[in-house]
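Chemist: fold the stuff below for me.
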Amino acid sequence: MSHSPRRLLMLACALMALSYAQFSTGQSINQQKKAVVFIFGTVHPINPDRSAITDTEGHRVAVEIPLGTGFFVDYPNQGRGSRYKVSYLVTAKHVLQDADGSFLPNVKIRLNLKYPVGDSEFGFITDIPVTDAQGHLLWFHSENQAEDVVATPLFPDDREFDVTAIPTTMFLNGRTLQSGAVAEGDELYFIGLMEQYYGAKRNYPLVRRGTQALLTDEDVDIPTGRQRVFIAALESWPGNSGALVFLLRGHRDTASASVGNVGFLGIVVASFMNKVSIPLITEPPGRQLEGGDKANTGMTCIVPAAVIVEVLGSLPAQLDRDARIQRVPGQEP
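Modeler: Model prediction:
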């Protein structure tokens, strides 16, 4: 039976996502940058009234643009074949959406090569499926549709690409957060795409730092839906969505960050605009008064690492891992 080039590419990526479990407890910022990729896709811009922008012949205008940030995570298999781990590409769910809110059919990622090819030091993995023929999202996601995290099994050939993955041993779990070891005022930083400049010959991820501003056990209303988030005094912009956020425990200087005191906190999903909605007490009920403007307040929403763990630990993800491991040569059925 023959396979199309796209089918062979996806099969190769699926097998490359599997490897023996070898975990580290931390990474330097330079290593963390190697886990970051830039996600590109073809979108269809819309007018302010949400109607499609068309050309002179009435066809929808399409543009290929950087959509946001993605990164690789190593997840240990919990079922049969537990000596293996599976690597995933993770990002914010809204990064995969078109301007009208529908999910794109596919995306591609731009990442640095291990060895330059001519003048270029980056390459692409293309045609990464996002939806099926009916437009249903193929990536693993939370049962809570508002939670802005998705993941798909993928890891590039590290003989060709200069990549690494974030191990789940770096994830800050709920027990750590509730112990008081993490508090408002702690310093953190994110690593992600800056749309205005991301490198002509190679990927250059942006590193920006700030402080933890608010920890809450309540869900928060943010632009992508009511969900669990941390709030940080860490200004973010389009393109930063999906960026990794690391917290420095006991440090106030990222330059002196060592592998032992850095924890993976979560991913950037949204910014707070200078807008508030106030319910009116007059008739009719349900009306609200909106105040403020569209200025960025400098406050960023971060989905906790625990949500990524829940997505990757879900039954669909576990069944998929078991199926992949059964296809590894020499693995018992």
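Chemist: residue 88 contacts residue 152, doesn't it?
Modeler: Yes: counting by Cβ atoms under 8 Å, residue 88 does reach residue 152; the two are 6.4 Å apart. The way it works is simple: take the backbone N, C-alpha and C, and place the C-beta from them, glycine included.
Chemist: what sits in contact with each of those two?
Modeler: residue 140 (Cβ atoms under 8 Å, 6 or more residues apart in numbering).
Chemist: name the residue in these two with the higher neighbour count.
Modeler: residue 88 (27 against 24; other Cβ atoms under 10 Å).
Chemist: so the closest residue to the more buried one other than its chain neighbours: helix, strand or coil?
Modeler: Closest residue to residue 88 apart from its sequence neighbours, by Cβ to Cβ, 6 or more residues apart in numbering: residue 151 at 4.3 Å. When classified by DSSP: H, G, I helix; E, B strand; the rest coil, residue 151 comes out as strand.
Chemist: surely residue 151 meets residue 72?
Modeler: No: counting by Cβ under 8 Å, residue 151 sits too far from residue 72 to count as a contact (9.9 Å).
Chemist: joint contacts of those two?
Modeler: 88, 89, 90.
Chemist: just those residues now: which is nearest residue 165?
Modeler: residue 88 (8.2 Å; Cβ to Cβ).
Chemist: quickly run through the sheet partners of the helix or strand containing the closest one, with directions.
Modeler: Here residue 88 sits within strand 84-91, counting by DSSP states H and E. Strand pairing for strand 84-91, determined by DSSP bridges: strand 18-20 (antiparallel), strand 63-76 (antiparallel), strand 150-153 (antiparallel).
Chemist: worst mean pLDDT among the ones you listed?
Modeler: When those are compared on mean pLDDT, strand 18-20 scores lowest, with a mean of 56.
Chemist: about what we covered before: with respect to residue 173, which of the strands paired with strand 84-91 lies nearest?
Modeler: strand 63-76 (14.0 Å).
Chemist: pull the distance from the closest one to the chain's centre.
Modeler: On the basis of Cα atoms, centre = their mean, to the nearest Å, strand 63-76 sits 5 Å off its chain's mean C-alpha point.
Chemist: ok, now stretch 233-246?
Modeler: So, by Cα atoms, centre = their mean, the centroid of stretch 233-246 is 10 Å from its chain's centroid.
Chemist: same check, this time on stretch 196-203
Modeler: 19 Å.
Chemist: who touches it?
Modeler: Taking Cβ under 8 Å, 6+ apart as the rule, stretch 196-203 contacts 36-38, 66, 110-112, 119-122, 204-205, 239.
Chemist: isn't residue 53 up against residue 47?
Modeler: Yes: using Cβ under 8 Å, residue 53 is in contact with residue 47, at 5.9 Å.
Chemist: how about CSV for the strands paired with strand 84-91, with distance to residue 231 added?
Modeler: Below are the strands paired with strand 84-91 laid out as CSV (distance: least, Cβ to Cβ, whole Å):
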stretch, distance to residue 231
strand 18-20, 36
strand 63-76, 19
strand 150-153, 22
